[in-house]
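Undergrad: Got a predicted structure plus its sequence, pasted below:
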Amino acid sequence: MGNCNHTRQTSPEWVEYECDWTGETVGYWEEGGAVSTTVDVDMHRYRCTQCGEVMYYSAAAKRHYEEGEENIVSHSIQRNTHNGGESDGNR
Ligand SMILES: [Zn+2]
């Protein structure tokens, strides 16, 4: 758990193209590197395609999606506090 940093390493790739000036086929190594594996799922949230973790662009968006209108209603009725199970990887 917690091993995912939501990026993926790509390996270097040999890229060839034809030079406009000389007509020669030349090539270069395209550097590999870290590529983000997150995709947008909604207006203000995105998800990692590797680990499936859903993240939010803002704290307001997080509240909106995590609590939602229904949750806010039932929460006020039951007074049920269920904190402590949250995992934040922020530091
Ligand atoms: Zn991830």
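TA: Right, received. Where do you want to start?
Undergrad: Around the ion, pick out the residues from the chain.
TA: By CB under 5 Å from the ion, the residues of the chain that approach the ion are 4, 6, 48, 50-51. All C-beta atoms are positioned from the backbone trio N, CA, C, and that covers glycine.
Undergrad: Format those residues as a markdown table; extra columns: neighbour count.
TA: Formatted as a markdown table, the residues of the chain next to the ion follow (neighbours: other CB atoms under 10 Å):
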| residue | neighbour count |
| --- | --- |
| 4 | 14 |
| 6 | 17 |
| 48 | 18 |
| 50 | 14 |
| 51 | 13 |
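Undergrad: is it possible to export the residues you listed to JSON lines including secondary structure and pLDDT?
TA: What follows is these, written out as JSON lines (DSSP: H, G, I helix; E, B strand; the rest coil; pLDDT from 0 to 100):
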{"residue": "4", "secondary structure": "coil", "pLDDT": "93"}
{"residue": "6", "secondary structure": "coil", "pLDDT": "95"}
{"residue": "48", "secondary structure": "strand", "pLDDT": "96"}
{"residue": "50", "secondary structure": "coil", "pLDDT": "94"}
{"residue": "51", "secondary structure": "coil", "pLDDT": "96"}
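Undergrad: Can you lay out those residues as CSV showing distance to residue 40?
TA: CSV is the format used below for those (distance: CB to CB, whole Å):
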residue, distance to residue 40
4, 18
6, 13
48, 12
50, 15
51, 16
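Undergrad: just checking, residue 62 touches residue 54?
TA: No. Residue 62 is beyond contact range of residue 54, at 9.3 Å (criterion: CB atoms under 8 Å).
Undergrad: Report the set of residues contacting both of the two.
TA: Counting by CB atoms under 8 Å, 6 or more residues apart in numbering, the shared contacts of residue 62 and residue 54 are residue 45.
Undergrad: residues in contact with the residue positioned nearest the centre of the chain?
TA: Centroid-nearest residue in the chain: residue 38, 3.0 Å away (criterion: CA atoms, centre = their mean). Applying CB under 8 Å, 6+ apart to residue 38 gives the contacts 6, 46-49, 55.
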